[in-house]
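[1] Everything below, folded, please.
(one chain, ligands or ions: 2)
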Amino acid sequence: MKNFEFKNPTKVIFGKGQISKIAAEIPKEAKVLLLYGGGSIKKNGIYEQVIAALDGVDFEEFGGIPANPEYEVLMEALAVIKAKKIDYLLAVGGGSVIDGVKFLSAAAYYKGDEPWDLLAKRIPTKKGMPFATVLTLPATGSEMNSGAVITRRETKEKLTMGGPGLFPIFSILDPSVVSSVPQRQIANGLADAFTHVLEQYMTFPVGALLQDRFSESIMQTLIEVAPAIIKNPADYEAAASFMWSCTMALNGLIQKGVPTDWAIHMMGHELTALYGIDHARTLAILTASHYTYNLETKKEKLAQYAERVWGVTEGTTEEKAKAGIHKTTEFFHSIGIKTKLSDYTEESEGTAAKVADRLASRGMTKLGEHGTLAPADVEKIVAMSY
Ligand code: NZQ
Ligand code: ZN
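    Residues are numbered from 1 along each chain as shown. Ligands and ions are numbered 1, 2, ... in the order given. A predicted model of the protein is given here:
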């Protein structure tokens, strides 16, 4: 096991009815900006619950943060923060709204002229404006981590940012919110969280026995609840296990002491930026190709995964590894997610080279847990996904 330090300061308030606790968690003198997305919260009762819970709190509102949060829109919110002398942010939404608020938390305290530099120059945020979240969609884990992904429409860029100053102060996780989430987003949440675990697990063995078991248990739980939550998003017990699994998949715990990959996400962000494909679906498109291409370096963990998560007992290490890849593709299909790039866009010609070039232009020329995947490898992996 590798050396590590672990600190996650986010307070999680989990369960039915917990949205009512917001005001008790926010400092009395705070001037709050409530931020949300395209309006789903106004149709499913979450907005009313939040407004009721903000009784006595001094707050303003900013709605309209789009999925794959856009820099242009966030800059409008930043102007509101400055004009209204806001000093506390409250995100009510899924990964997009929460990530947008993380950007704002960083940008509000940023001394430079161009907040985009936080992304373009990968400037880590040590201290941001305090913020909290009410999660409405289990998927990204953003409610308990310090990373964000922001899009710039005019340049079709989708870049990551983060830093120790970008953990939410508290996050309210009420599984009841899942009842209004559309099928497509439920499937996305399952696939995104599942792939988050894979990115931190599917590398090579380092004797991190407990981390492996944590990862396997999260994947097993997602597989177990998937049919129930897809059939009925109002199934509270299934929603609770789904929501907590998504949070645990990316709150930093399972990556401690182990190598991590993240190449699928880096390539996937380019597919979203280029074609607008949902984040989770880009991951499902690339997973089998990435693992097949890197079978030699990943086969031990792939075989362990096949055995422990899918119960594959027959065959050599390599055969089990391949069975593990196949089971993963079947899992995506079972939740209604197609796994070929051609299922999402007709524009396959040149896509692989484009993704490789774009990553290379940002200096991302050494992907994967060994840092050995060069642009030529990226091009081959994406081409295998057509
Ligand atoms: O915008 P509204 O109207 O609220 O509708 C949203 C949106 O259209 C809707 N929705 C959310 N909660 C709902 C609901 N509809 C009905 N009932 C509810 N309770 O769902 C749609 C998708 O929302 P979004 O926030 O975009 O989804 P998700 O949570 O999957 O977030 C995706 C974003 O997170 C980034 C992705 O790249 C993408 O930009 N990621 C962030 C990560 C992080 N910060 O750690 C890690 C991930 O790997 C990922 O990259
Ligand atoms: Zn993801």
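
[2] Now for the residue nearest to residue 100 when sequence neighbours are not counted, how many residues are close by?
    Counting by Cβ to Cβ, 6 or more residues apart in numbering, residue 69 is the residue found nearest to residue 100 once chain neighbours are left out, at 3.6 Å. (Each C-beta comes from the backbone N, C-alpha and C, glycine too.) Neighbourhood size, residue 69 [other Cβ atoms under 10 Å]: 27.

[3] please renumber so the chain begins at 878
    Sure thing, new numbering starts at 878, so read that last one as residue 946.

[4] OK, contacts around residue 946?
    Residues near residue 946 by Cβ atoms under 8 Å, 6 or more residues apart in numbering: 973-974, 976-977, 980, 1026-1028.

[5] and if you look at residue 1091?
    Residue 1091 makes contact with 1125, 1130-1131, according to Cβ under 8 Å, 6+ apart.

[6] Among those, which one has the most neighbours?
    Neighbour counts for these, by other Cβ under 10 Å, peak at residue 1131, which reaches 26 neighbours.

[7] so that residue touches residue 1093, yeah?
    No: the pair residue 1131 / residue 1093 is not scored as a contact, 9.9 Å apart, by Cβ atoms under 8 Å.

[8] Report the set of residues contacting both of the two.
    Among the neighbours of residue 1131, those also in contact with residue 1093 (Cβ under 8 Å, 6+ apart) are residue 1078.

[9] Look up phi and psi at the residue nearest the centre of the chain.
    By Cα atoms, centre = their mean, the chain has its centre lying nearest to residue 1017, at 2.8 Å. Backbone torsions of residue 1017, given as degrees, to the nearest 10, read phi -80, psi -30.

[10] What distance do you get for it to residue 1151?
    For residue 1017, the distance to residue 1151 (Cβ to Cβ, to the nearest Å) stands at 20 Å.

[11] Residue 1246 now?
    With the distance defined as Cβ to Cβ, residue 1246 ends up 25 Å from residue 1151.

[12] who's more crowded, the two?
    Counted by other Cβ under 10 Å, residue 1246 and residue 1151 do not tie: residue 1246 has more neighbours, with 21 against 17.

[13] Assign a three-state SS to residue 936, would you?
    Under DSSP: H, G, I helix; E, B strand; the rest coil, residue 936 falls in the strand class.

[14] And the strands in the protein?
    Along the chain, counting by DSSP state E, strands occupy 888-891, 908-913, 935-939, 965-970, 1008-1012, 1024-1029, 1034-1039, 1047-1050.

[15] Out of the ones you listed, which gets nearest to residue 1218?
    When those are compared by Cβ to Cβ, strand 1034-1039 sits nearest residue 1218, at 16.6 Å.

[16] so what strands line up beside the closest one?
    strand 1024-1029 (antiparallel) (DSSP bridges).

[17] Now do the partner strand: distance to the chain's middle.
    Offset of strand 1024-1029 from its chain centre (Cα atoms, centre = their mean, to the nearest Å): 11 Å.

[18] any residue of that strand up close to ligand 1?
    Yes: Strand 1024-1029 is in contact with ligand 1 by Cβ under 6 Å from any ligand atom, via 1024-1026.

[19] Same list (the residues you listed) but as JSON lines, adding pLDDT and neighbour count.
    Listed next are the residues of strand 1024-1029 next to ligand 1 as JSON lines, based on pLDDT from 0 to 100; neighbours: other Cβ atoms under 10 Å:
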{"residue": "1024", "pLDDT": "98", "neighbour count": "17"}
{"residue": "1025", "pLDDT": "98", "neighbour count": "28"}
{"residue": "1026", "pLDDT": "97", "neighbour count": "24"}
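
[20] who in the stretch 978-1127 of the chain is up against ligand 1?
    Residues of the stretch 978-1127 of the chain lying near ligand 1 (Cβ under 6 Å from any ligand atom): 1013-1014, 1016-1019, 1022, 1024-1026, 1054, 1057-1059, 1062, 1065, 1069, 1127.

[21] if we look at stretch 904-921, which residues are touching it?
    Outside of stretch 904-921, the residues within contact range by Cβ under 8 Å, 6+ apart are 903, 923-924, 927, 931, 934-944, 954, 957-958, 961-971, 973-974, 977-978, 981, 1007, 1013, 1054, 1056-1057.

[22] Ignore what I typed, I meant stretch 1254-1263.
    Residues outside stretch 1254-1263 that contact it (Cβ under 8 Å, 6+ apart): 1140, 1144, 1162-1163, 1165-1167, 1169-1170, 1217-1219, 1225, 1228-1230, 1232-1233, 1236, 1244, 1250.

[23] what do you get for stretch 985-1002?
    Here stretch 985-1002 makes contact (Cβ under 8 Å, 6+ apart) with 948, 952, 955, 958-959, 963, 966, 980, 982-984, 1004-1006, 1027, 1029, 1034, 1036-1043.
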